[in-house]
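Asker: model this:
(chains A, B, C, D, E and F)
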Number of protein chains: 4
Amino acid sequence: MGEQESMEELFSTNENELYGEELTAKQKRIVEAAIQMFSEKGYSSSSTSEIAKRANVAEGTIFRHYKTKKELLLAIVTPVMSNLLAPFIIRDLDKVLSQNYQCYEDFLTAIVKNRQVFIEKHLSIVKILLQEIPFHDELRSQFIDRIGKEVYTRLEAIVIHFQEKGKLVEMPTQSAVRLTATTIGGFLLTRYILLPNNDWNDEEELKTTIHFIMNGMKA
Amino acid sequence: MGEQESMEELFSTNENELYGEELTAKQKRIVEAAIQMFSEKGYSSSSTSEIAKRANVAEGTIFRHYKTKKELLLAIVTPVMSNLLAPFIIRDLDKVLSQNYQCYEDFLTAIVKNRQVFIEKHLSIVKILLQEIPFHDELRSQFIDRIGKEVYTRLEAIVIHFQEKGKLVEMPTQSAVRLTATTIGGFLLTRYILLPNNDWNDEEELKTTIHFIMNGMKA
Amino acid sequence: MGEQESMEELFSTNENELYGEELTAKQKRIVEAAIQMFSEKGYSSSSTSEIAKRANVAEGTIFRHYKTKKELLLAIVTPVMSNLLAPFIIRDLDKVLSQNYQCYEDFLTAIVKNRQVFIEKHLSIVKILLQEIPFHDELRSQFIDRIGKEVYTRLEAIVIHFQEKGKLVEMPTQSAVRLTATTIGGFLLTRYILLPNNDWNDEEELKTTIHFIMNGMKA
Amino acid sequence: MGEQESMEELFSTNENELYGEELTAKQKRIVEAAIQMFSEKGYSSSSTSEIAKRANVAEGTIFRHYKTKKELLLAIVTPVMSNLLAPFIIRDLDKVLSQNYQCYEDFLTAIVKNRQVFIEKHLSIVKILLQEIPFHDELRSQFIDRIGKEVYTRLEAIVIHFQEKGKLVEMPTQSAVRLTATTIGGFLLTRYILLPNNDWNDEEELKTTIHFIMNGMKA
DNA sequence: TATGAATGAGCGTTCATTCAT
DNA sequence: CATGAATGAACGCTCATTCAT
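Answerer: Numbering: from 1, shown residues only, chains lettered A, B, ... in the order given. A predicted model of the protein is given here:
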């Protein structure tokens, strides 16, 4: 109970502050219009003129706040990217590791649930991020170098932890990490991007997915 | 043994014939230049004038062969899409099902290996396909309706087959299918799109992945 | 005398307001350049890029004010079309009819003089209008349905009026109208379009033309 | 009677020979397709590629027979232009003049009827000619200098002839010519170009028109 | 700070014409 | 003689960005 709570806390992100209070009303409208357009038609097929129209703002106003169209993209996408995998980067992650086996399942469950809330809230932006990562070096390097690697390191630590306890099959750590990550990632991708229109029983589905991972990694 | 061979045959695609012999030399150069550009900068950030330049062809020549830029995209991407998941659509898939447990692993192994060859050969196009599916209704509906659903039906048949034999945990069929599909899909995505620069031991990795699925789905 | 004056008033058009005051300086230059080009080389042989050059304006500027090249054409041509035959549509035309025979000649004289002033002022545009009517449904239907038919009705009323007074030969009304209209129209066409370079004695020519009509329609 | 006949002969044009026998089957199809397109959408909005398509001929074939698109236009339009006013240029026109007053009406009637047949046969080409004359110096100068002036001279001779006989009002010859020419021209223009869809009683209408001219020119 | 008119480079596409087959 | 692939200039139009107000 107390554990649950503390974990929830652990991974919580104050989403209200993705973009700070410093955004003016017009800026907010610009950002919202841009998110809408970018996710609908893609970044490079969206025109600043239509963004301005949807935001009910003069075209020049966009460029007062964001020097270029690309800067607007980055302003939208980087905070989400930073926060998306934030829970894995938290310092006291280690504490979690010191807990017992059941808690590993709980840990996975909690983290996935938490990320689902986050993704649901920022689904459009997540889509934009996935779309644009391949074409913008800043995004890609930030994602891979800063975020991907950190997450990998954390997950590696977890896996080693459980492998040492003899609870996980002897497989290359890298594979174990990848299997966990891609299973969860695959689930989230399917759930929110590929087949969002299926009628998902989220509770059930999550349980199954975690079970599948645990089973798969067992000896 | 003989089985292996026949299966290999079963799933083989004559990649040389993705685009028939009917392509002229210039057409080939156009298609190649377009593939290069689309995968580098994305479809809508690629200009027909630069494609022409790279193909060493007059811009008008592109439009003699493809009425529009979009038609060029589709000409590149649809054959790959059709063939990508073709092995799952083969009629005598059912025969495979009548075989024993070990053969299921073999079946998965064979199919993944085969798809790896295909993907490696057409990696750029696969990337383009993934990028553009969200923005082109023709692509999306073709992918989901015609291909996705067929594959799902086949995989469902396989899963039910093994569930009936009592070899698979009692989980919702849909989940079982999704877990298999997303695990393999997740592996391929990671292997070729997200982290292609890792130094992968493909043989080992595949074995682990299959094992993981089999384990995960066991009771 | 006083009558003459009031009639002159009756048919006067404030040509200064063909295009309202709302046109900016650049817009005026665009419109003028377009009129020049369209009348010189025809609408579809005039390029927006050369119009821009002649107007000393960036090409994009044209499209800020007129969504398409065709919209530019219509913006130029429709006000002239509306005003060209406007005098025939005036409500109190009937009053004119209640006057005596001499006044009919005066009426024709006044109307033709008035239209000559208008045509001289907008000659280029009238040429464009005549050229483009066959190829633009909006123009043709507007000209025939809205304007042509109204004018016809008015002229018909006049002719019937004088036929009832026994002053005109018994001919099919339609023919009488056509003869009047085509005689005047033929004169204007010859005067301004076909042989504008003849040295015309306008005063004399008009008198002769009216006399010709009056004579021709007499019993 | 014999007179009538000889006049009919006088003005007859062997329309079959507008374009000589030397046209190959493909050339005929090209010319026909071009006439269709030019009159539908105008010369400069018609593309050689669509003309080729409609003629069921390769695009290159057009340029084998006509060096340029413009040459094709001229090949279509000049024979019609030459023949359109041909009757006025005939040498023995003078003979006609030596005849009496009734014959003048007959003369006008015969000439108009004859030209109606010609126009009906080549209506599309006449339309093209009218459209394109303002934009092609060759056409305009040929029309004005060679044809217009000749016709004018002939008509002038006729008018002077009748004025000398005291049968026509003393008006400037130029005006008299113009009135005749524009009345007939105005009729033909209205009949075939402006309001071809009215249900015309050609016989009646022609009689009225001629009467109108005769009346108008009487003292 | 916010505007929106103005820009001119660049877009996808069409064009009349050429020429090897 | 006929073809149609190839051309590259020119087309109408859109774009991200600038800047005077």
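
Asker: how many neighbours does residue A:173 have?
Answerer: 15 (other Cβ atoms under 10 Å in any protein chain shown). In short, each C-beta sits where N, CA and C put it, glycine included.

Asker: OK, contacts around it?
Answerer: By Cβ atoms under 8 Å, 6 or more residues apart in numbering or on different chains, the contact set of residue A:173 is A:156, A:159-160, A:163.

Asker: please repeat the previous calculation with a cut-off of 6 Å.
Answerer: A:156, A:159 (Cβ atoms under 6 Å, 6 or more residues apart in numbering or on different chains).

Asker: same thing with residue A:73?
Answerer: Neighbours of residue A:73 in contact, by Cβ under 6 Å, 6+ apart: residue A:43.

Asker: middle-most residue in chain A, spatially?
Answerer: residue A:84 (2.9 Å; Cα atoms, centre = their mean).

Asker: could you report the distance from the residue in chain A that DNA strand E sits nearest to to chain C?
Answerer: Minimum separation of chain A from DNA strand E (Cβ to the nearest atom of the strand) falls at residue A:60, amounting to 1.8 Å. According to Cβ to the nearest Cβ, to the nearest Å, residue A:60 stands 14 Å off from chain C.

Asker: ok, residue A:175 next?
Answerer: Applying Cβ to the nearest Cβ to residue A:175 and chain C gives a distance of 56 Å.

Asker: now that residue, what's its secondary structure?
Answerer: Using DSSP: H, G, I helix; E, B strand; the rest coil, the structure places residue A:175 in helix.

Asker: next one: phi and psi at the residue of chain A closest to DNA strand E?
Answerer: Residue A:60 adopts backbone torsions of phi -60, psi -30, taken as degrees, to the nearest 10.

Asker: okay, now it: neighbour count?
Answerer: Here the number of neighbours of residue A:60 (other Cβ under 10 Å) works out to 9.

Asker: again with residue A:192
Answerer: Neighbour tally, residue A:192, other Cβ under 10 Å: 16.

Asker: what about it, distance to chain C?
Answerer: 39 Å.

Asker: how much space between residue A:119 and residue C:123?
Answerer: Distance of residue A:119 to residue C:123, given as Cβ to Cβ, to the nearest Å: 68 Å.

Asker: what's the answer for residue A:123, then?
Answerer: Applying Cβ to Cβ to residue A:123 and residue C:123 gives a distance of 62 Å.

Asker: residue A:131 now?
Answerer: 57 Å.

Asker: so which of these two has more stuff around it?
Answerer: Between residue A:131 and residue C:123, residue A:131 has the larger neighbour count (other Cβ under 10 Å), namely 21 against 15.

Asker: now that one: closest residue in space that isn't a chain neighbour?
Answerer: residue A:42 (6.2 Å; Cβ to Cβ, 6 or more residues apart in numbering or on different chains).

Asker: quick one, phi psi at that neighbour?
Answerer: phi 90, psi 150.

Asker: next one: residue A:196
Answerer: phi -70, psi -20.

Asker: that one: neighbouring residues, count only.
Answerer: 10.

Asker: for it, give me the pLDDT.
Answerer: Predicted confidence (pLDDT) for residue A:196: 84.

Asker: now do residue A:75
Answerer: At residue A:75, pLDDT is 94.

Asker: quick one: the helix or strand hosting it near DNA strand F?
Answerer: Applying DSSP states H and E as the criterion places residue A:75 in helix A:69-84. Yes: using Cβ under 7 Å from any atom of the strand, helix A:69-84 reaches DNA strand F at A:69-70.

Asker: so that helix, near DNA strand E or not?
Answerer: No: Helix A:69-84 is not in contact with DNA strand E by Cβ under 7 Å from any atom of the strand; minimum separation 12.6 Å.

Asker: gap between stretch A:23-34 and the chain center?
Answerer: In terms of Cα atoms, centre = their mean, to the nearest Å, the centre of stretch A:23-34 is set 22 Å apart from its chain centre.

Asker: hang on, the earlier thing: surely the residue nearest to residue A:131 meets residue B:133?
Answerer: No: using Cβ atoms under 6 Å, residue A:42 is not in contact with residue B:133, being 11.3 Å away.

Asker: those residues of chain A touching chain B, which are they?
Answerer: A:42, A:44-45, A:135, A:171, A:175, A:178-179, A:182, A:186, A:190, A:208, A:212, A:215-216 (Cβ under 6 Å from any Cβ of the partner chain).

Asker: element containing the residue lying closest to residue A:202 once chain neighbours are set aside, please.
Answerer: Of all residues not flanking residue A:202 in the chain, residue A:116 sits nearest, at 7.1 Å (Cβ to Cβ, 6+ apart). Using DSSP H and E, residue A:116 falls within helix A:101-121.

Asker: and the angle for that helix with helix A:69-84?
Answerer: Between helix A:101-121 and helix A:69-84, the angle comes out at 150 degrees (axes from the mean of the first three to the mean of the last three Cα atoms, to 10 degrees).

Asker: so does the helix or strand immediately after helix A:101-121 in the chain get close to DNA strand F?
Answerer: Past helix A:101-121, further along toward the C-terminus, the next helix or strand under DSSP H and E is helix A:123-132. No: Helix A:123-132 lies out of reach of DNA strand F by Cβ under 7 Å from any atom of the strand, never closer than 13.5 Å.

Asker: what is the mean pLDDT for helix A:123-132?
Answerer: Averaging pLDDT along helix A:123-132 yields 94.

Asker: what about that helix, distance to the chain center?
Answerer: That offset, for helix A:123-132, works out to 10 Å (Cα atoms, centre = their mean).
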